[in-house]
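sequence-free structure coming up:
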């Protein structure tokens, strides 16, 4: 891969990267799984009070006796991966060139508790659309980073909020040399994508978001909102009461739960898998959308890199950081939204009028018939088609 010259002094040369988890980490993992001290469970609780005990015993047994991390490692390493130091952060990323005549670069940002690996099903649809139901003129150069603080990028060990958009903008423009690029994301990645549009509109071809659209800042009084907006916020209130405990813990006392999650692989798996079941379009059956191999690959990335505390710490710093000045008003970068039917199991999606208080140039708004929070893993073909369609008219602007 060519290295761009003339990059800013705080951007290093790009180095190839391969995932190679040390064998002693895997040996220690196995010993810890064998020694798991199981909690009790209320009679008949199932998933009602958290992750099902019977399912956890099943997945830990699979982890010990059937899961092949080295095979998953080879699969992940089949994608071209690199590292670059940007603004003092070693950033890990996948970079796959498009096969069409004029591919445009796209930055795809994941969320929590997802990883870069959860976005990889999109690669073939975006880099080689002609072989996957599209036109070769719709191709992209795909860049999928591990967000700063996540996975194989540097951990967040310092206090303070990280401007992930700033780091990833310089990865795209200074390290990789793209003058303009597209950006896509959901969850934490939706915030990064939106911040890119606010901070670097001149560098953005457009942005596409599939969940967790940002809220207006400052937020209007509820009495000033439309009926659909008020109903949606009531749904959010209810969701926060039933499902939002993780966010409150991570936003206030992440260090406390980190001891258990960083020490016990069973605890880490329970914490992460429960979110995939609750937030995906699973209808209560997590393996209807995610195989055990997929779930454990995600857990393994957090376990092998010991980044669960770093990723939770990001919630704390975000919750305790004053509102960013650039987040006021609207961004006028062209925006597209694809809202999947069963994301967080909300009865209806984010109202467009609420989104228009933040995104002033919405050019595509699609309510998807199926799929959930982890759209790139659940419905990669549908999501890729939405991305290709949204960016098609923006390619030559």
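It's in. Keep in mind that what you see is a predicted model, and the values were worked out from it rather than measured.

Show me where this protein has its strands.
Assigned by DSSP state E, the chain shows strands spanning 15-16, 81-86, 89-96, 104-109, 140-145, 181-185, 204-209, 335-340, 362-368.

List just the one of these that sits closest to residue 134.
For the strands of the chain, proximity to residue 134 was assessed by C-beta to C-beta; strand 140-145 is nearest, at 10.7 Å. C-beta here means a position set from N, CA and C on the backbone, and glycine is covered the same way.

How far off centre is that closest one?
In terms of C-alpha atoms, centre = their mean, to the nearest Å, the centre of strand 140-145 is found 14 Å from the chain centre.

What strands line up against that strand, and which way round?
Taking DSSP bridges as the criterion, strand 140-145 forms sheet pairs with strand 89-96 (antiparallel), strand 104-109 (parallel).

As CSV, these with mean neighbour count, distance to residue 17 and mean pLDDT would be great.
As requested, the strands paired with strand 140-145 are arranged in CSV below (neighbours: other C-beta atoms under 10 Å; distance: least, C-beta to C-beta, whole Å; pLDDT from 0 to 100):
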stretch, mean neighbour count, distance to residue 17, mean pLDDT
strand 89-96, 22, 6, 98
strand 104-109, 25, 17, 98
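
and those as TSV, adding distance to residue 227?
Below are the strands paired with strand 140-145 laid out as TSV (distance: least, C-beta to C-beta, whole Å):
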stretch	distance to residue 227
strand 89-96	43
strand 104-109	33
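
between these, which gets nearest to residue 335?
Using C-beta to C-beta, these put strand 104-109 closest to residue 335, at 14.3 Å.

which outside residues touch that closest one?
Applying C-beta atoms under 8 Å, 6 or more residues apart in numbering, the contact partners of strand 104-109 are 98, 119, 122, 126, 140-145, 147, 164, 168, 171-172, 176, 178, 180-185, 188-190, 192-193, 196, 205, 376, 387, 391, 395.

Of those residues, keep whichever come out buried.
Buried members of these, counted by 16 or more other C-beta atoms under 10 Å: 98, 119, 122, 126, 140-145, 147, 164, 168, 171-172, 176, 178, 180-185, 188-190, 192-193, 196, 205, 376, 387, 391.

Can you check the pLDDT for residue 35?
As summarised for this prediction, residue 35 has a pLDDT of 98.

brain fart, residue 82
Listed pLDDT for residue 82 reads 98.

ok, now which ones touch it?
Per C-beta under 8 Å, 6+ apart, neighbours of residue 82: 1, 14, 15, 16, 17, 92, 93, 94, 95.

how about a cut-off of 10 Å?
Shown in contact with residue 82 (C-beta atoms under 10 Å, 6 or more residues apart in numbering): 1, 14-17, 91-95, 143, 145, 171, 175-176.

For residue 232, find the nearest of the strands paired with strand 140-145.
With C-beta to C-beta as the measure, strand 104-109 is the member of those nearest residue 232 (23.8 Å).

phi, psi of the spatially most central residue of the chain?
With distances taken as C-alpha atoms, centre = their mean, residue 110 lies nearest the centre of the chain, 1.8 Å away. The phi/psi pair for residue 110 (degrees, to the nearest 10) reads phi -90, psi 180.

wait, isn't it in contact with residue 191?
No. If you go by C-beta atoms under 10 Å, residue 110 and residue 191 don't touch, sitting 11.6 Å apart.

quick revisit: among the strands of the chain, which comes closest to residue 265?
strand 89-96 (21.8 Å).

Quick check: residue 236 touching residue 344?
Yes. Judged on C-beta under 10 Å, residue 236 makes contact with residue 344 at a distance of 9.2 Å.

can you pull the contacts of residue 102?
Counting by C-beta under 10 Å, 6+ apart, residue 102 has contacts 136, 137, 139, 395, 396.

So what's the residue count around the third one?
What it means is residue 139. 23 (other C-beta atoms under 10 Å).

which residue sits closest to it, ignoring its sequence neighbours?
residue 100 (2.9 Å; C-beta to C-beta, 6 or more residues apart in numbering).

Now for that neighbour: which residues touch it?
126-130, 134-141.

helices and strands of the protein: which one has the lowest mean pLDDT?
helix 227-243 (a mean of 92; mean pLDDT, DSSP states H and E).

Now do the residue at the greatest distance from the centre of the chain, the pLDDT please.
When distances to the mean C-alpha position of the chain are computed (C-alpha atoms, centre = their mean), the maximum falls on residue 43, with 35.0 Å. Among the per-residue scores, residue 43 holds a pLDDT of 96.
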